[in-house]
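Undergrad: Return atomic coordinates for the entry below.
(2 chains)
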Amino acid sequence: MTAMTKERLAAFVDGELTPEEAAQVVLHLADHPDDQALVDEMMAANLALQRAFGAPMAEPVPPAILATLGMGQVVPLRRRAVPLWGAVLGAGLAAAAAFVAMLPGAAPGLVVGPVAEGSALHQVLTARASGDAAVLGDGSTLAVLATMPASGGWCREVERLAEGLTEVALACTEGGVWRVDVVLAEGLSPAADGFMPASGEGAAALTPWLDRRGAGSVLTPDQERAALAAGWR
Amino acid sequence: MSADLQFRKDLVDLVPRLRRFAYSLCGSMPDADDLVQAACERALKSADQFQPGTRMEGWMFRIVQNLWLDQRRRARVRGDQVDPEDIGLSDQGRGASLPQDRLMLEQTRAAMATLPEAQRAVLALVAIEGQSYRDAAETLGVPVGTVMSRLARARETLLPLLGLSKGPRQ
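TA: Numbers count the residues shown, from 1 in each chain, chains lettered A, B, ... in the order given. Below is the predicted model:
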C-alpha cells in the first residue's frame, strides 16, 4: 500500500474518496492507530464546527431578510433537527407557534408560552433546586437541570421524562413572569410534516435560545439556593 | 410561477445555509444576519447575472464571502479593532462553570475566529456546509489544490485549539 498522506486522510474524512479508495483507507486505519486518531480528530472537529455554527438551521428565516426578498409570508420547513414545537423570542414566528396546537401529546407536556401560576411547572421552576425531581400525575417526572442568570432575569433548563419521550425546555423570567421559550423533544418518530425531533442533542440544543437570552454561567448550588430564597428577584 | 418569484423562493430556501455560512465567517449572529441581508440585496440587483440551472448555492456563497471580505478590508482601513468579546476569545472566566458541551461549542467558535480569512472560508464550506472540494474551489474561485492546502493549514491550527490534537505529526 502506498504511504498514507494527511491529505488523503482528510479527503477520506471529507467524503472525497471513491468507495474503493475509502475502503483502502479503512483497511489502512486498522493497522495505523496514529492515523486513526487523526481521522477521529478531524471528524470530531467537523462535527464540533457543524454544531457550533448550526443554530441558523433550526431558526426561521428572519423577517427582515424575508422582507428584503419580498417574501414576508413564507416560512419554509426544513428537514433538520429543529424544535418539534416551539417559538423563540422575536417576531415572525407565528407559523412555528402554530404547531403547538397541532401536535399530539403536547397538552400534558411542556408548552411554549407563559407558565401558569399553580401549574406543576411553575411550582418546580419557582421552588425546586436543580436535580430535585417532581413526579407528575401522569407518572412523568419534571426536574430543573440547570439555572443561569440571563439578561432579563433568570433562565432554567427543565427536563420532563415520560415513557418513550424526553422533553427539554428553556424557561426564563420576563418581567418577573416565567415563560417557556422553547420545548425540544427526543424519542419520537420523525413527524410527517417535515419537522423532526432534536435527537441526541438534549439540553445542548438549547444553546441558541440561551444565547438569545444572554444566559451566563450555570449557578452553583449555593448561588441557586440564594436565588430561590429571594424568589427570583 | 414567474421566474422572478421562483428566484426569490429559491433564495429564501437558501437563507438558513447562508446564515450558517455567514455565522461561521463573522462569528456573531447579528453580523451574520446583516451580511446575509446585504447579500440578498446584492443578489436581487444582480439577478440577471445568475444563470438558471446553475448552482445558486455556489453563486450566493460567493456573494456572501466577497461582501464579508470587503467589510473586513474596509474595517482594516478604518482601523477598527475586533472586540474579543464579540468573537468569544475572552469569556471573562465564564468557561470555568459552563457545562462541558457549551464550553466546547464556544471554544470551537473562538478557534474558528482565529483562522485567517481564506482558511476560515474553506473550512466553513467543506466542514460545515459539506461542499465537495471541487464545489468549494468553484465558490472561492481557486484551484482544488488550494482548497486542500488551506484546509490542511486550517486544521493544523484548529485541532490543537479544540483540544483534539495530540500534537504535530510528521
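Undergrad: And the most centrally placed residue in chain B, which helix or strand is it part of?
TA: Closest residue to the average C-alpha location of chain B: B:Leu25 at 3.3 Å, with C-alpha atoms, centre = their mean. In the assignment (DSSP states H and E), B:Leu25 maps to helix B:3-26.
Undergrad: how about the next helix or strand after that helix: buried residues?
TA: For helix B:3-26, the following helix or strand on the C-terminal side (DSSP H and E) is helix B:29-45. Across helix B:29-45, burial judged by 16 or more other C-beta atoms under 10 Å in any protein chain shown covers B:Met29, B:Asp31, B:Ala32, B:Asp33, B:Asp34, B:Leu35, B:Val36, B:Gln37, B:Ala38, B:Ala39, B:Cys40, B:Ala43. Using the backbone N, CA and C atoms, a C-beta is placed for each residue, glycine as well.
Undergrad: and the helix holding B:Leu25, which residues are buried?
TA: B:7-8, B:11-12, B:14-26.
Undergrad: out of those, which touch chain A?
TA: B:Arg8, B:Leu11, B:Val12, B:Val15, B:Pro16, B:Arg17, B:Arg19, B:Arg20, B:Tyr23, B:Ser24 (C-beta under 8 Å from any C-beta of the partner chain).
Undergrad: I'd assumed A:Thr68 was in contact with the first one.
TA: No - at 9.5 Å, B:Arg8 does not count as touching A:Thr68 under the criterion of C-beta atoms under 8 Å.
Undergrad: tilt between the helix holding B:Leu25 and helix B:29-45?
TA: 150 degrees (axes from the mean of the first three to the mean of the last three C-alpha atoms, to 10 degrees).
Undergrad: Going along the chain, name the helices of the chain.
TA: Using chain A. A:6-13, A:19-31, A:33-52, A:63-68, A:94-97, A:99-102, A:120-127, A:207-212, A:221-229 (DSSP state H).
Undergrad: Hmm, no, I was thinking of chain B.
TA: Under DSSP H, chain B gives helices at B:3-26, B:29-45, B:56-78, B:100-114, B:117-123, B:133-140, B:144-161.
Undergrad: For the fifth one, the averaged confidence score.
TA: For helix B:117-123, mean pLDDT rounds to 95.
Undergrad: Can you give me the buried ones in it?
TA: B:Ala118, B:Gln119, B:Arg120, B:Ala121, B:Val122, B:Leu123.
Undergrad: filter the residues you listed down to the ones close to chain A.
TA: Among these, the ones lying near chain A by C-beta under 8 Å from any C-beta are B:Leu123.
Undergrad: The closest residue to B:Glu41 other than its chain neighbours: how many residues sit nearby?
TA: In space, B:Glu41 comes closest to A:Thr68 once its chain neighbours are excluded; the distance is 6.0 Å by C-beta to C-beta, 6 or more residues apart in numbering or on different chains. Per other C-beta atoms under 10 Å in any protein chain shown, the neighbour tally for A:Thr68 reads 21.
Undergrad: what sits in contact with each of B:Arg8 and A:Thr68?
TA: Common neighbours of B:Arg8 and A:Thr68, counting by C-beta atoms under 8 Å, 6 or more residues apart in numbering or on different chains, are B:Leu44.
Undergrad: Stretch A:168-175 and chain B in contact?
TA: No - Stretch A:168-175 stays clear of chain B (C-beta under 8 Å from any C-beta), getting no nearer than 12.6 Å.
Undergrad: Now that stretch: buried residues?
TA: Under the neighbour-count criterion of 16+ other C-beta under 10 Å, stretch A:168-175 has A:Val168, A:Ala169, A:Leu170, A:Ala171, A:Cys172, A:Thr173 buried.
Undergrad: got a pLDDT number for the second one?
TA: Think A:Ala169. So, for A:Ala169, pLDDT stands at 85.
Undergrad: partners of it in the sheet?
TA: Under DSSP bridges, the beta-bridge partners of A:Ala169 are A:Val158, A:Val183.
Undergrad: What mean pLDDT does stretch A:120-128 get?
TA: 90.
Undergrad: tell me how far it is from the chain's mean position?
TA: Taking C-alpha atoms, centre = their mean, to the nearest Å, the mean C-alpha location of stretch A:120-128 is offset from the chain mean by 21 Å.
Undergrad: Kindly report the same for stretch A:125-137.
TA: 21 Å.
Undergrad: Can I get it in PDB? Just the C-alpha atoms.
TA: What follows is stretch A:125-137, C-alpha atoms only, in PDB (Å, rounded to 0.1, in the frame of the first residue of the first chain):
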ATOM      1  CA  LEU A 125     -39.400  26.500  38.500                       C
ATOM      2  CA  THR A 126     -40.100  28.700  41.500                       C
ATOM      3  CA  ALA A 127     -39.500  26.300  44.400                       C
ATOM      4  CA  ARG A 128     -37.200  23.400  43.500                       C
ATOM      5  CA  ALA A 129     -33.400  23.200  43.200                       C
ATOM      6  CA  SER A 130     -31.700  21.700  40.100                       C
ATOM      7  CA  GLY A 131     -32.000  17.900  40.200                       C
ATOM      8  CA  ASP A 132     -34.900  17.900  42.700                       C
ATOM      9  CA  ALA A 133     -37.400  16.000  40.500                       C
ATOM     10  CA  ALA A 134     -41.200  16.200  41.000                       C
ATOM     11  CA  VAL A 135     -43.400  13.300  39.900                       C
ATOM     12  CA  LEU A 136     -46.500  14.400  38.000                       C
ATOM     13  CA  GLY A 137     -50.000  13.000  37.900                       C
END
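Undergrad: just the buried residues of helix B:29-45 that are near chain A?
TA: Answer for the buried residues of helix B:29-45 near chain A (C-beta under 8 Å from any C-beta): B:Met29, B:Ala32, B:Asp33, B:Val36, B:Gln37, B:Cys40.
Undergrad: Out of the residues you listed, name the two that are farthest from one another.
TA: B:Met29 and B:Cys40 (16.2 Å; C-beta to C-beta).
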